[in-house]
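Q: I would like to see how this sequence folds:
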Amino acid sequence: MDQEKRVLFAILLSFVMLLLYRSLYVKELPPSPASKSNPAAQSQTAAEKTSSAAANSEVPASIPVVQGNAAEDIVVDGDLYKVTFSTRGAVAESWILKKYNDAKGSPLDVIDDEACGKLGFPMSLSSADDVLATKLNSALYVSAPSGGTLKPPVKVEFTYSDGKVQVHKAFSFGAGYDVHAEVSVMEGNRYLPAEITWPGGFGDHSLAPVQISTYTQGVYGSVGDLTTVAQRKLKDDRVASAPLQIAGLEDHYFAGVFLPDSPDVAFRISRQTWTPTDWSGKDSDKPTALLAQWRQAQPKPLAFRMFVGPKDLDVLRAEKPPLDSLVNFGWFSIVAKPLFLALRYIDERWVHNYGWAIVILTVLINLALFPLKLKSIHSAQEMQRVAPHVKSIQDKYKSYKFNDPRKQRMNEEIMKLYKEHHVNPLGGCLPMLLQLPFLYAFYSVLQLPIELRHAPWILWIQDLSAPDKFHPYGIPLPILPTIMVITMFIMQKMTPMAATDPSQQRMMMIMPIVFGIMFYNFASGLVLYFLTANIVGILQQMAINKFIPVPQALPAPANRAK
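A: Numbers count the residues shown, from 1 in each chain. So this is what the prediction gives:
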């Protein structure tokens, strides 16, 4: 009897378990109202109900629980980088580029530890379910290999499962700056759309907040056709849909970009506000950081490559696809790139100092453009020669208003005078216009390349990418900009002016002061270029004044004003 009771009890228990399972897990769909006049629709509804019940009756695959016991660091230490992961959340807490220092002289970490401590660390997961995302980003993962310091090439894997949701992250490191990653999130036996983020901004966080806001930006698009979004101009979230070849964050000299393996990936960039530990100001003064988020639209693993490194042209060109479009020389890149290659050649082969390389290249450029300058000066001298006659014509019509039709006669008489004496009023402007592409290109060359970052010249100029920082006794003394202003005054005094109007001449004499104010916060390398160009211009003007006679001005016409 005891045996029979046990069998009966087991049968009843099994029956109760089946009822409970059916009531908890198998939910029948309500019958769809089918039209009586459409038998085909009724049979289709019955078939759908049968297939749905069969699908729901499947037992979900069991997932083993995989959780770590304590948080530990996994360090990947290569020749170019040192990346530290934490098993708590399987996130990157430090990403050091070993060949570069920050503004304070410490090894450059492109992850802002304080900002990320409040906003989240790179490689965090994002989800529409905030509770789930918080749980997965604070969970303890199991790593393989576990603990210690690893040398590339190496693949680091992180796994977590609570029995219902399973997360797997894998990062493969090689000799270069690029990393291959794969992230998957599963619920039961089905994939969920994977979303991964890089919060807290990117780049050299030791700079002043104004510089960080100016230099940091988002970038996305395809090779050769990139769209940039400046942090200080970003107001609302910017979403870029597939297909994308490149998407990520960058600052002036470094980039952290994502290259998806699949084209159906969406990229979102937004602006975050966070509160520093020592912050005591107003809410409007809180620092900001960019958030980059990549989302796999389809329910499958998110596979991608990541480049976290310097915007060095040689390094970027070696990537597949080439990423050298991240260094944008602007409209005159056709001139700027050869100038940069020439600057680097002079540094590597001749002087091994970018400051002296700037001086040498500036001298060579000014010598090459000397014929244009000579043409401009000759045209200015011709304008000065007829200046008395031009002044006489202007005095004749000075009583008329600007919109008076008789003012047109003044212009006609002046143009007739120019024609009689074979003077081209645009002769001095056109040679200068031809020099503008070189000036703008050199501006880009001295502002963008990472080679000039922290590159010394002489004495107190130890960073050609930074403004003149000679501050004895705490007093700022911009020596290079001051010398540049003085040389501009000297050059203007020596150079003949085409302008005959005294007000125009006074305006030209104010220009050196305006340039000095503008260049006060410009990079020392750019100021050095203009200073060298001024000195070369003074020497050239001395030679012109000595060997080329100045034409005598025409005698002032008698009673021309009448």
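
Q: can you tell me which residues contact Leu125?
A: Taking Cβ atoms under 8 Å, 6 or more residues apart in numbering, we find Leu125 in contact with 133, 136-137, 167, 183, 185, 194-197. C-betas here are computed from N, CA, C, even on glycine.

Q: try it again with 10 Å
A: Leu125 makes contacts with 89-91, 132-137, 139, 167, 169, 183, 185, 194-197, 302, as judged by Cβ atoms under 10 Å, 6 or more residues apart in numbering.

Q: Let's see which of the residues you listed end up in helices.
A: Residues of the contacts of Leu125 located in helices (DSSP state H): 132-137.

Q: Just send those residues back as a markdown table, with pLDDT, distance to Ser392 and neighbour count too.
A: Putting the ones in helices among the contacts of Leu125 into a markdown table (pLDDT from 0 to 100; distance: Cβ to Cβ, whole Å; neighbours: other Cβ atoms under 10 Å) gives the following:
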| residue | pLDDT | distance to Ser392 | neighbour count |
| --- | --- | --- | --- |
| Leu132 | 92 | 86 | 15 |
| Ala133 | 93 | 81 | 18 |
| Thr134 | 93 | 84 | 15 |
| Lys135 | 94 | 88 | 15 |
| Leu136 | 95 | 85 | 21 |
| Asn137 | 95 | 82 | 20 |
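
Q: Please identify the one among those that lies nearest to Ile269.
A: Of all those, the one with the least separation from Ile269 (Cβ to Cβ) is Ala133, at 18.3 Å.

Q: I'd say the closest one and Ser126 touch.
A: Yes. Applying Cβ atoms under 10 Å, one finds Ala133 in contact with Ser126, separated by 5.7 Å.

Q: got any residues that touch both of those two?
A: The contact lists of Ala133 and Ser126 share 120, 195, 197, where a contact means Cβ under 10 Å, 6+ apart.

Q: quick revisit: just the closest of the ones in helices among the contacts of Leu125 to Val327, please.
A: Among the ones in helices among the contacts of Leu125, Asn137 lies closest to Val327 (Cβ to Cβ), at 33.9 Å.

Q: State the distance from that closest one to Asp468.
A: With distances defined as Cβ to Cβ, to the nearest Å, the gap from Asn137 to Asp468 amounts to 45 Å.

Q: got the shared contacts of Ala133 and Ser126 as TSV, with pLDDT, distance to Ala543 and neighbour count columns?
A: Compiled in TSV, these are given as follows (pLDDT from 0 to 100; distance: Cβ to Cβ, whole Å; neighbours: other Cβ under 10 Å):
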residue	pLDDT	distance to Ala543	neighbour count
Gly120	93	64	22
Glu195	91	67	21
Thr197	95	62	23
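
Q: ok, of those, which one's closest to Gly309?
A: The shortest separation between Gly309 and any of the shared contacts of Ala133 and Ser126 is 19.8 Å, and it belongs to Thr197 (by Cβ to Cβ).

Q: May I have the beta-bridge partners of the closest one?
A: For Thr197, the residues forming beta bridges with it (DSSP bridges) are Ser124, Gln293.

Q: ok so Gly309 is a helix residue?
A: No. Read with DSSP: H, G, I helix; E, B strand; the rest coil, Gly309 is strand and lies in no helix.

Q: Tell me where the stretch 451-562 of the chain has helices.
A: 479-494, 502-519, 524-547 (DSSP state H, counting those that start in this stretch).

Q: Could you do the stretch 101-250 of the chain as well?
A: Using DSSP H, counting those that start in this stretch, the helices of the stretch 101-250 of the chain run over 113-119, 130-138, 209-215.

Q: And the strands in the stretch 1-150 of the chain?
A: The residue ranges that make up the strands of the stretch 1-150 of the chain, judged by DSSP state E, counting those that start in this stretch, are 73-77, 81-86, 91-101, 107-109, 124-125, 142-144, 149-150.

Q: out of those strands, deepest packed?
A: For the strands of the stretch 1-150 of the chain, ranked by mean neighbour count under the definition mean count of other Cβ atoms under 10 Å, the leader is strand 124-125 at a mean of 24.

Q: which pair in the ones in helices among the contacts of Leu125 spans the largest distance?
A: By the measure Cβ to Cβ, the ones in helices among the contacts of Leu125 have their two most distant members at Leu132 and Asn137, which lie 9.6 Å apart.

Q: Now do Leu80: how many residues are near it, please.
A: Using other Cβ atoms under 10 Å, the number of residues around Leu80 comes to 17.

Q: With Leu436 as the reference, measure out to the residue nearest to Gln462 when sequence neighbours are not counted.
A: In space, not counting the residues next to it along the chain, Gln462 is nearest to Pro456; the distance is 4.4 Å by Cβ to Cβ, 6 or more residues apart in numbering. Applying Cβ to Cβ, the value for Pro456 to Leu436 is 30 Å.

Q: ok, these two, which is more surrounded?
A: Neighbour tally, Pro456 and Leu436, criterion other Cβ under 10 Å: the higher count belongs to Pro456, 14 against 10.

Q: Under the pLDDT cut-off, which ranges of the stretch 201-350 of the chain? List them.
A: Of all residues in the stretch 201-350 of the chain, those with pLDDT under 70 make up the ranges 242, 278-285.

Q: now the stretch 51-200 of the chain
A: Segments of the stretch 51-200 of the chain classed as low confidence (criterion: pLDDT under 70) are 51-62.

Q: please redo it, this time with the cut-off set to 50
A: Scanning the stretch 51-200 of the chain for pLDDT under 50 picks out 51-60.

Q: Turn the helices of the stretch 101-250 of the chain into TSV, columns for distance to Leu369.
A: Output for the helices of the stretch 101-250 of the chain, formatted as TSV (distance: least, Cβ to Cβ, whole Å):
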stretch	distance to Leu369
helix 113-119	47
helix 130-138	58
helix 209-215	32
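
Q: Which one of the ones you listed lies nearest to Lys407?
A: It's helix 209-215; of these, that one is closest to Lys407 (Cβ to Cβ) at 45.8 Å.

Q: Now do that closest one: everything it contacts.
A: Applying Cβ under 10 Å, 6+ apart, the set of residues contacting helix 209-215 from outside is 103, 112, 201-208, 230-233, 250-254, 271, 276, 285, 287-290, 466.

Q: Output that helix as PDB - backbone C-alpha positions only.
A: Output for helix 209-215, consisting of C-alpha atoms alone and laid out as PDB, is shown next (Å, rounded to 0.1, in the frame of the first residue of the first chain):
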ATOM      1  CA  PRO A 209      37.500  72.700 -20.600                       C
ATOM      2  CA  VAL A 210      37.300  75.300 -23.400                       C
ATOM      3  CA  GLN A 211      39.800  73.300 -25.500                       C
ATOM      4  CA  ILE A 212      38.000  70.000 -24.800                       C
ATOM      5  CA  SER A 213      34.700  71.500 -25.900                       C
ATOM      6  CA  THR A 214      36.300  73.000 -29.000                       C
ATOM      7  CA  TYR A 215      38.300  69.900 -30.100                       C
END
